[in-house]
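Participant: One predicted model, sequence on top.
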Amino acid sequence: PLPYVSVVIVNDNGESHLMKLLDSLKTLRHPNFHYDVVVVDNGSPESSRWAIEQRLEGFPDARLITNSENRGAAAARNQGIRYALDRGADYVFTLDNDTLVEPDVLAELVARAERSSQAEVAFTPKIYYTDEPHRLWSVGFGLPARRLVDQEGTDRFHEEMPVELIATALAMEHQVIPPT
């Protein structure tokens, strides 16, 4: 069977950003996996949650988890990840609600994960600045690793920066996450 990827997004009163992200997710090409979308809403107003529910209807398999209050980004992200794992996700791809994705991002991450060694268990894609879409913010990495950052306005990556986690966009194998 094809790998199952769950896209987990935390939303905190960011409806306008989230709608753009959901629109970009609709462009995903997924020849080597199937996916669902899980949005954890962290205490947004009811009108915002209603709009999110309407937009999620455009996905074949989507779930909105609502929190009556803001539990914090990490707790909400963990809530979404736990839901995805309980449903049997092979991979979890977490996104901040103000990101956009390119059509092949998940296909490339799944292909990389499927051919990776056990040493690499989580991956991030290249991440660009929204207001400067040709300027890289991160070239991406696999964990455990170090992230290479670009020099201002160049495509040269000379500086290494140790990292524990970049939550903006992260795909990880289900084995990485300890059971509860």
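Facilitator: Received, thanks. Numbering: from 1, shown residues only.

Participant: Show the contacting residues for residue 78.
Facilitator: Contacts of residue 78 were listed using C-beta atoms under 8 Å, 6 or more residues apart in numbering, and none were found. Quick note: C-beta positions are derived from backbone N, CA and C, even for glycine.

Participant: Please identify the helix or strand for it.
Facilitator: For residue 78, the element it lies in under DSSP states H and E is helix 73-86.

Participant: would you put the C-alpha positions of that helix in CSV?
Facilitator: Extracted as CSV, the C-alpha positions of helix 73-86 are listed here (Å, rounded to 0.1, in the frame of the first residue of the first chain):
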residue,chain,number,x,y,z
ALA,A,73,1.2,25.9,19.7
ALA,A,74,3.2,22.9,21.0
ALA,A,75,0.3,21.3,22.8
ALA,A,76,-2.0,21.8,19.8
ARG,A,77,0.6,20.4,17.4
ASN,A,78,1.0,17.4,19.7
GLN,A,79,-2.8,16.9,19.8
GLY,A,80,-2.9,16.8,16.0
ILE,A,81,0.1,14.5,15.8
ARG,A,82,-1.5,12.1,18.3
TYR,A,83,-4.7,12.1,16.2
ALA,A,84,-2.7,11.4,13.0
LEU,A,85,-0.8,8.5,14.6
ASP,A,86,-3.9,7.0,16.1
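
Participant: please begin residue numbering at 30 from this point
Facilitator: Sure, I'll start counting at 30 from here, so that last one is helix 102-115.

Participant: Quick one: name whatever helix or strand follows it.
Facilitator: Downstream of helix 102-115 (by DSSP H and E), the next one is strand 120-125.

Participant: what are the pairing partners of that following strand, and which direction each?
Facilitator: strand 33-40 (parallel), strand 198-202 (antiparallel) (DSSP bridges).

Participant: which one of those strands has the lowest average pLDDT?
Facilitator: Among the strands paired with strand 120-125, strand 198-202 has the lowest mean pLDDT, at a mean of 56.

Participant: pLDDT (mean, whole number) over stretch 68-82?
Facilitator: 93.

Participant: What lies in contact with it?
Facilitator: By C-beta under 8 Å, 6+ apart, the list of residues contacting stretch 68-82 reads 37-44, 47-48, 85, 91-102, 105-106, 108-109.

Participant: are any of those residues buried, and which?
Facilitator: With neighbours counted by 16 or more other C-beta atoms under 10 Å, the contacts of stretch 68-82 contain buried members at 37-41, 43-44, 47, 85, 91-94, 96, 100, 105-106, 108-109.

Participant: what is the mean pLDDT for stretch 109-116?
Facilitator: pLDDT averaged over stretch 109-116 gives 93.

Participant: buried ones in that stretch?
Facilitator: 109-114.
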